[in-house]
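Peer 1: dropping the sequence and predicted coords here.
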Amino acid sequence: MILILGGNGFIGYNLVKRFAQREKLRIFDREWKHQIENENIELITGDFQDADFEAILKEVDTVFHFISSSIPFDGTEKLLTDIMENVLPTVRLLDAMKKKNVKKIFFISSGGTIYGECMKPARESDKNSPECVYALQKVWIENCLHLYDKYDGIQSYILRIGNPYGLDINRKKHQGIISIFVENIINEKPIEVWGTGENQRDYIYIDEVIDAIEAVYLYKGMHRIFNIGTGNSYFVREIIEKIEREVGKQAQITYGKARKCDLMKSYLDVSLIRKECGWYSKLTVDQGIRIYIDKLMKQ
């Protein structure tokens, strides 16, 4: 059985839809807001901080860890909160996995933040340079996974994903500018851009993210860390222009003060996952935006 921590979230839910077709799944999250009738799915609701992991891990052989309570923000005020809500529960999870002899975990990290400013496509072997608390807790968890892999034999696969977009994104977290911008432009509502719109990111469509995760899930090699992205980067202003062309409407843009936590340039070298797992992105961002808008309009 596969345990999916955070199956109610954006990436987790899209993985659930794919894997439930053929795998037995146990989903743990604070809530479950989706409607899926599938005998392969078992739901458990609770808080990640005080979860009884030994009970939740009963009959589980593989864990997918999607839970993260935070998003990038300026400052250090929430550092202790992030440690208590994300890092410490993950250590308790790994201790429980050790006791229950669960030997495999896939952790969703952040390819878009942990490398810091990128003068070239970031490779998995590059030094981490977290510039915000959100990125720092991802790096801490990655390092914990490395230790449990080394000393306790828990195979820990780290998936450093760029900037995913698509249906079912959690808008309450104010993440996913493509999804937010598309809906606001369609509905003729203003969009907010922090800074000048010159920030560059590697945007990847959610279906391709799930394809990549599945490829790593089936992987039998020795590598433990994989970037997941398109290998290309786009300015925020370019993304706005692409959406405007696709929906036939002009964006109403308000510019806010640039945030220190927002990198100017971030994109990923994805040659390792292609070489080891045979996966690579096949969609351009234009194609992905078009597919997303088509699906959105059919809802």
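Peer 2: Nice, thanks for sending it over. Numbering: from 1, shown residues only.
Peer 1: if I look at residue 299, how far off is residue 217?
Peer 2: Relative to residue 217, residue 299 is positioned 28 Å away (Cβ to Cβ, to the nearest Å). In short, each C-beta sits where N, CA and C put it, glycine included.
Peer 1: looking at the two, which is more packed in?
Peer 2: Set side by side, residue 299 and residue 217 show more neighbours around residue 217, with 18 against 5, by other Cβ atoms under 10 Å.
Peer 1: what segments of the stretch 1-150 of the chain are helices?
Peer 2: Secondary structure of the stretch 1-150 of the chain (DSSP state H, counting those that start in this stretch): helices located at 10-19, 53-56, 79-82, 88-100, 133-152.
Peer 1: will you turn these into a markdown table that also has mean pLDDT, mean neighbour count and distance to residue 288?
Peer 2: Rendered in a markdown table, the data for those read as follows (pLDDT from 0 to 100; neighbours: other Cβ atoms under 10 Å; distance: least, Cβ to Cβ, whole Å):
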| stretch | mean pLDDT | mean neighbour count | distance to residue 288 |
| --- | --- | --- | --- |
| helix 10-19 | 94 | 22 | 14 |
| helix 53-56 | 97 | 16 | 34 |
| helix 79-82 | 92 | 14 | 30 |
| helix 88-100 | 98 | 19 | 31 |
| helix 133-152 | 97 | 18 | 24 |
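Peer 1: any chance of these in CSV, plus distance to residue 29?
Peer 2: Below are the helices of the stretch 1-150 of the chain laid out as CSV (distance: least, Cβ to Cβ, whole Å):
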stretch, distance to residue 29
helix 10-19, 7
helix 53-56, 11
helix 79-82, 18
helix 88-100, 13
helix 133-152, 18
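Peer 1: what's the closest of those helices to residue 190?
Peer 2: Nearest to residue 190, of all the helices of the stretch 1-150 of the chain, is helix 10-19, at 23.5 Å by Cβ to Cβ.
Peer 1: using PDB, write out every CA atom in that closest one.
Peer 2: This file holds the C-alpha atoms of helix 10-19, laid out as PDB (Å, rounded to 0.1, in the frame of the first residue of the first chain):
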ATOM      1  CA  PHE A  10      -2.500  20.300  -5.700                       C
ATOM      2  CA  ILE A  11       0.200  17.800  -6.700                       C
ATOM      3  CA  GLY A  12      -1.000  15.200  -4.200                       C
ATOM      4  CA  TYR A  13      -4.500  15.100  -5.600                       C
ATOM      5  CA  ASN A  14      -3.400  14.800  -9.200                       C
ATOM      6  CA  LEU A  15      -1.100  11.900  -8.200                       C
ATOM      7  CA  VAL A  16      -4.100  10.300  -6.400                       C
ATOM      8  CA  LYS A  17      -6.200  10.400  -9.500                       C
ATOM      9  CA  ARG A  18      -3.400   8.700 -11.500                       C
ATOM     10  CA  PHE A  19      -2.300   6.100  -9.000                       C
END
